[in-house]
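Undergrad: Below is the structure, and that's it, no one-letter string:
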């Protein structure tokens, strides 16, 4: 019966991966999709991430299928929270894209996420702050405590190097300076 029901053959044209979970006679589909996200890590870990998904009919142009958002484009049933991010907004846009076979309607939804930075405060900022504080102790020691001053200075340097390496190991490689780089190296 489902083969006899006409559908506009909608697809995510910018998805990296998509998987269909279920369908019914009413042609309702639950799709798990992975879309592209724009990352600018210059303010990391206090940064925001924007992810977009664009829907389009893959074989019917605008003359055959007119795709528009409803007045209420999306219905959010519950707050979206990921381990590292919280979604704080979304927006929808419509666009007409020209191809050789005519114009196609594109519907784009953009999700806005804010990074949760509590882990980075506890594992990065506070330990480096404490290490810097401890490295000032040699200034309060007497002039004859050279071995103690040297040991504290070297240990502080080693601790900062280890902490920085531990933080950077879990981050994507980028060719620009991040806020956490300035904190640790500053």
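TA: In hand now; what should we look at? Keep in mind the model is a prediction, meaning the values are calculated, not measured.
Undergrad: I figured residue 15 hits residue 34, correct?
TA: Yes: with contacts counted by Cβ atoms under 8 Å, residue 15 reaches residue 34, the gap being 6.3 Å. Any C-beta I mention is one placed from the backbone N, CA and C, and that applies to glycine too.
Undergrad: Can you name the helix or strand that the residue most central in space within the chain falls in?
TA: Nearest residue to the geometric centre of the chain (Cα atoms, centre = their mean): residue 49, 4.3 Å. With secondary structure defined by DSSP states H and E, residue 49 is part of strand 48-57.
Undergrad: Tell me which helix or strand comes right after that strand.
TA: Strand 48-57 is succeeded, C-terminally, by strand 85-99 (DSSP H and E).
Undergrad: Summarise which helices and strands whichever helix or strand comes after that next one is packed against.
TA: Counting by DSSP H and E, the next helix or strand C-terminal to strand 85-99 is strand 102-115. If you count contacts as 3 or more Cβ pairs under 8 Å, 6 or more residues apart in numbering; DSSP states H and E, strand 102-115 packs onto strand 48-57, strand 85-99.
Undergrad: at 10 Å instead, please
TA: If contacts are counted by 3 or more Cβ pairs under 10 Å, 6 or more residues apart in numbering; DSSP states H and E, strand 102-115 sits against strand 37-39, strand 48-57, strand 85-99.
Undergrad: Just the buried residues of whichever helix or strand comes after it, please?
TA: Beyond strand 102-115 in the direction of the C-terminus, DSSP H and E gives the next helix or strand as helix 118-120. Within helix 118-120, the residues scored as buried using 16 or more other Cβ atoms under 10 Å are residue 120.
Undergrad: For helix 118-120, give the mean pLDDT please.
TA: The average pLDDT within helix 118-120 is 86.
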